[in-house]
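Student: Pasting the sequence and the predicted coordinates here, then a few questions.
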Amino acid sequence: MKYFLSSDVQLLQDGLDGIKEEQEKSPSLTVGIQVQKNNVKEGNRLRNLLRDTKDAVVLADSDRCCVDWVAVLHSKSRLLLKASFSCPLLGLNRSDRIDPELRIGYVVPKREYEKNNEIATEKAESQEDFSEIELYLAVDSSYLGVQEAVRSQIAEYTGERVGVWVYGEARAENSLVFVLSENAGFLRYFEENSLCLQITLDALRSRKSFIEMAPAGSVRKAQQARAEQIIRKLGHAEKIKSSHIFGIVFTSADHMGVVDLLCKYLDMNGKKFYQFFINGLKPQKLGNFVGIDAFVVVQCPFSSFVFEDSVFAFKPYDVVLAFKSAWDGGYTTNLEVVKSVLAEEIEKMRGERAGEEDVRESNGKNSTEVSLGAQSSCNILKVGAGQICTEEQNRRYFQTGKVLKSLLGLSVKEEAEPNRENTRLHVGYSGIPTKYTKGAG
């Protein structure tokens, strides 16, 4: 049952028997239960299954497939039971402020599914022929309990070998993924990254219903849908190229590697950028930022957020497609792959510009006319009093290796003056919003 990339995530059956035994050995164990948003009833049900409930708390799930670190931090949990949809990246990274001893367990929901053992005498004419492609099954976390039975069932119906999809593993281009899920973010991931066909448990209960779900021509139809998806992505290129000011929005510090490369890539293509770290991103929030031509949103590839039509929000690989000189026909939302592609493109651009510099030198022109540094002065960062750009920021954003010492004749200090912490106490207010009263400071 391979699903989570992190080997530290423990799969738990609904009865939580192992946790009960652990509570006996460690009475002070604080347990946090993260459930689907507003599903407090399920949280309380799981809480009542525990042997000791006084140190168990139901945590809010803010529509995310990862751990809500803020809730975990406040609850001081030492064991987190995740009982809501989780993507394969669960527990792969964690906030530095969280207890490193915190363990994560995923509660596998019960699913009722009985395999159909009817034997087919011959393949129906209306059934799709899958013999020319590789087949895989991808189930979201809520179907892990029936994953093997479903995989075996599809193999019997198709007469072909069916592998288990694992995030990040390479697959042949001519492969199709059967996706068992109702989660919008999980489904969208496969629509954007591979040839896929959504299935349901009801459609697997008989061979007839499976054929109705995947009739002859299903593969061709999926290929057409994939092609249309790519064409829509390519259509974003002109908007991205014509935009001048970008907002790079990211939802976790774990994404800084991609964010840094995006900053460099946009700058090398002459675009101004701002960074926005938003914890608990909601689709409506981007509309609050005025003056941004387009946003590049760096978040979990399984996010279900759909942004307003009035907001131009793109994914990192959309930016790559807009400026890349050649395209191999692929598209991905896997951030590790995106990071690798961005690094390759930046090095390629640096190499090309270094070649131009060599040509200028051979023609007797000043080599400073071609710079590998910032392409636009609007991206110079002012980070403190008397300081324009530090050496670290220079390397991080602009690829120059030179520190800016002056700007328009103004000298710049080598280091910013240390910030002095404001320890003054201020008089606050207390009371309900309509009847504030002065409080002691």
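Tutor: Sure, I can see it.

Student: Kindly check the end-to-end length of stretch 132-147 for me.
Tutor: The separation between the terminal residues of stretch 132-147, taken as Cα to Cα, to the nearest Å, is 24 Å.

Student: so for that stretch, what's the average pLDDT?
Tutor: Computed over stretch 132-147, the mean pLDDT rounds to 94.

Student: So what touches stretch 183-195?
Tutor: Contacts of stretch 183-195 with the rest of the structure, by Cβ atoms under 8 Å, 6 or more residues apart in numbering, involve 65, 85, 87, 133, 138, 140, 142, 171, 175-177, 179, 181, 196, 198, 219, 222-223, 225-226, 229, 300-306, 331-334. Just so you know, the C-beta spots here come from the backbone N, C-alpha and C atoms, and that holds for glycine as well.

Student: Report pLDDT for Q387.
Tutor: At Q387, the model reports a pLDDT of 53.

Student: Low-confidence ranges, the protein, go.
Tutor: Under the criterion of pLDDT under 70, the regions of the chain flagged as low confidence span 1, 17-18, 20-27, 51-54, 60-64, 95, 119-125, 283, 308, 355-441.

Student: Which residue lies nearest the spatial centre of it?
Tutor: By Cα atoms, centre = their mean, the chain has its centre lying nearest to C300, at 1.1 Å.

Student: Surely it is in a strand?
Tutor: No - assessed by DSSP: H, G, I helix; E, B strand; the rest coil, C300 does not belong to a strand; its assignment is coil.

Student: quick one, what contacts it?
Tutor: R64, C65, C66, C87, L89, G185, T251, S252.

Student: Quickly check those for the two that are furthest apart.
Tutor: Using Cβ to Cβ, these span at most 15.2 Å, a distance reached by G185 and S252.

Student: Which one's more surrounded, the two?
Tutor: Shown here are G185 and S252; by other Cβ atoms under 10 Å, G185 has more neighbours (21 against 18).

Student: nearest spatial neighbour of the more buried one, skipping sequence neighbours?
Tutor: In space, and not counting its chain neighbours, G185 is closest to S304: 3.4 Å by Cβ to Cβ, 6 or more residues apart in numbering.

Student: and the gap between the one you found and S194?
Tutor: When distance is defined by Cβ to Cβ, to the nearest Å, S304 is 18 Å away from S194.

Student: Which one's more surrounded, these two?
Tutor: S194 (20 against 17).

Student: Please, where are all the strands along the stretch 1-150 of the chain?
Tutor: According to DSSP state E, counting those that start in this stretch, the stretch 1-150 of the chain carries its strands in the segments 9-12, 31-35, 56-59, 79-83, 103-107, 134-139.

Student: ok, and the most crowded of the contacts of C300?
Tutor: Ranked by the number of neighbours (other Cβ under 10 Å), the contacts of C300 place R64 first, at 26 neighbours.

Student: would Y274 count as being in a strand?
Tutor: Yes - when classified by three-state DSSP, Y274 is found to be part of a strand.

Student: Give the bridge partners for it, please.
Tutor: With DSSP bridges as the criterion, the beta-bridge partners of Y274 are G247.
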